[in-house]
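*Asks:* below are the sequence and a predicted model; questions follow.
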Amino acid sequence: MNGRSATEPVLARVVRMPAEDLPAESQPERWAAAAQPRIDAMVGAAAVLRTAFDARGDIAPDTDAELGSRLLATCDDLHQWLQNSPAPDDYREAHAELGAAIGVFRNAAFAFRSLPGAAPDRLAARSQGCELMLDQGNEHIQAFTAKLPPQPPD
């Protein structure tokens, strides 16, 4: 793991107000604000999955499927939103990082859901892959945040 606790948030608020409250001329900030609830949901589902992953052995296989499915649903929601809401020019690199995070978190969810059925000789490799993908997804979220233009102070 990367030294961060399983429940520590990875993403600070990108924009501090709802998209509809931003002035029309701040279209890039509106895009980021509209993405925020979906990002929060995905990051939150990944954090819950991480907590469950760290507690492996104490959870039932049906819980694995439920947690993995929840992360997949949040990834799908954000992916669909990105398809319908192209990023403004200033946010193209941030958009790419967000897309990468979605892909990695999706793969982590699939890997996590496969753990209960893994053959004993494959369990360690699948577990390591799942953990690495969760870490990589968090790194893409951090890179996404870093690629956004700085927000003015309050």
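*Replies:* Alright, I've got the coordinates.
*Asks:* any low-confidence regions in this protein?
*Replies:* Scanning the chain for pLDDT under 70 picks out 1-26, 56-62, 149-154.
*Asks:* now the strands for it?
*Replies:* In the chain, no strands are found when defined by DSSP state E.
*Asks:* all the helices of it, in order from the start?
*Replies:* Ranges of helices within the chain are 27-54, 61-84, 92-114, 120-147, based on DSSP state H.
*Asks:* other SSEs contacting the last one?
*Replies:* Just to be clear, that refers to helix 120-147. Applying 3 or more Cβ pairs under 8 Å, 6 or more residues apart in numbering; DSSP states H and E, we find helix 120-147 packed against helix 27-54, helix 92-114. Any C-beta I mention is one placed from the backbone N, CA and C, and that applies to glycine too.
*Asks:* same question for the third one.
*Replies:* Counting by 3+ Cβ pairs under 8 Å, 6+ apart, the packing neighbours recorded for helix 92-114 are helix 27-54, helix 61-84, helix 120-147.
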